[in-house]
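Colleague: Quick one, what's the 3D model for this:
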Amino acid sequence: MKGLELSKKYYEEFGRPMLRELFPQYEHLIAVGLVGSGSDCYGYDDNISHDHDFEPGFCLFLPDESVIDDKAFFNLERAYSRLPKEFLGYRRSLVKPVGGKRNGVFRTSDFYAKKIGSPTGDLTVEQWFTLPDYALAEATNGEVFKDDFGEFTAIRNRLLNMPEDVFLKKLAGNLLIASQSGQYNYPRIIKRGETASAQLALFEFSKAVSQIYFLLNCKYMPYYKWQFRALRDLPGGEYLADSLEFLISTDNTEENANIKADIINTVAEDIVNLLKEKDITKATCNDLEKHAYSVNDFIKDGNIRNSNILIGV
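Modeller: Model (predicted):
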């Protein structure tokens, strides 16, 4: 059973009745779901995931003290801790998981402050550029089962809507890196016979291309552990993931280097087609560097447009 399904069933069986019977005055103020760290929040958990940090549980997200005071918070924590220790053959952990507390009672503001450094989800341009995408992914993944009050979901929705100029700047920077690492540096390094450095160039290319595809699909790229798994879920992602996997997992013999050069050019052509479909480039060639600067020209805010093109990478 997937962790999200287990969490929702556990909440419906025990969590909802607990809130309704013991905390009816607060039930409408509490958001419930499973969001944050862990493969189960992405729906990527499997049998291997069960060896750690996997248990029946859910998250209760509370508004600040002015709405639900600390005494009620403490009582909710106690009530949550008394819920059944076993459910559908799975036992709740008696110790904190590797990544810290993942289930239980939280302040909404504390959750978002820990994940993204902002208790309200309001981010400055600098924060948008410096926050790693996996942090934004952890703040917006999983599922919200219930949120009548709406505070948690409102913040979540704000984070899912990256400002257009930030999107374009991050896209431009990754296009430039993909161009430099894959289209330009890889073949030059191969000619020099530096196969290790050539492989490093392919890693840079693969990461930048992955980021480009996540950006173009309005998704946040998760922690590297799940990068390829999540990439395969995107439109056209299965083919792209296979191509990138070949680039970074095979050696750089002369035959493979020629194949890799063809793959890089094909990937670049596919990216250019996507940029043209979204009408965010005026360049007409397959040189990703030229498209990087063309995308940058679409940025409306002069300060962002004129800042270093790699500021969002």
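Colleague: all strands of this structure, in order?
Modeller: Under the criterion DSSP state E, the chain contains strands at 31-34, 59-62, 86-87, 90-91, 104-107, 143-146.
Colleague: and these, which is most packed in?
Modeller: strand 59-62 (a mean of 26; mean count of other CB atoms under 10 Å). For the C-beta atoms, the positions are set from N, CA and C on the backbone; glycine is no exception.
Colleague: And that strand, what does it pack against?
Modeller: Secondary-structure packing of strand 59-62 (3 or more CB pairs under 8 Å, 6 or more residues apart in numbering; DSSP states H and E): strand 31-34, helix 70-81, strand 104-107, helix 108-116.
Colleague: low-confidence ranges in the stretch 1-150 of the chain?
Modeller: Scanning the stretch 1-150 of the chain for pLDDT under 70 picks out 48-54, 94-100.
Colleague: ok so, going back, adding distance to residue 226 as columns, could you present the strands of the chain in CSV?
Modeller: What follows is those, written out as CSV (distance: least, CB to CB, whole Å):
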stretch, distance to residue 226
strand 31-34, 16
strand 59-62, 20
strand 86-87, 26
strand 90-91, 22
strand 104-107, 23
strand 143-146, 17
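Colleague: So which of those strands is nearest residue 25?
Modeller: strand 59-62 (12.8 Å; CB to CB).
Colleague: what packs against the longest helix along the chain?
Modeller: The longest helix of the chain (DSSP state H) is helix 254-277. Where contact means 3+ CB pairs under 8 Å, 6+ apart, helix 254-277 is packed against helix 164-178, helix 186-191, helix 195-216, helix 237-249, helix 288-296.
Colleague: Residue 119: which of those helices is closest?
Modeller: Smallest distance to residue 119 across the helices and strands packed on helix 254-277 (CB to CB): 20.2 Å, for helix 164-178.
Colleague: Hey, what's the angle from the closest one to helix 254-277? Just curious.
Modeller: Calculated by axes from the mean of the first three to the mean of the last three CA atoms, to 10 degrees, helix 164-178 forms an angle of 160 degrees with helix 254-277.
Colleague: Could you check how far helix 164-178 is from the centre of its chain?
Modeller: How far helix 164-178 lies from its chain's middle: 17 Å, per CA atoms, centre = their mean, to the nearest Å.
Colleague: Can you name every helix or strand that that helix contacts?
Modeller: In this structure, helix 164-178 makes packing contacts with helix 125-130, helix 195-216, helix 254-277, helix 288-296, helix 302-306, judged by 3+ CB pairs under 8 Å, 6+ apart.
Colleague: Mind putting those into CSV with distance to residue 151 and mean neighbour count?
Modeller: Below are the helices and strands packed on helix 164-178 laid out as CSV (distance: least, CB to CB, whole Å; neighbours: other CB atoms under 10 Å):
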stretch, distance to residue 151, mean neighbour count
helix 125-130, 20, 15
helix 195-216, 27, 20
helix 254-277, 36, 16
helix 288-296, 35, 22
helix 302-306, 29, 13
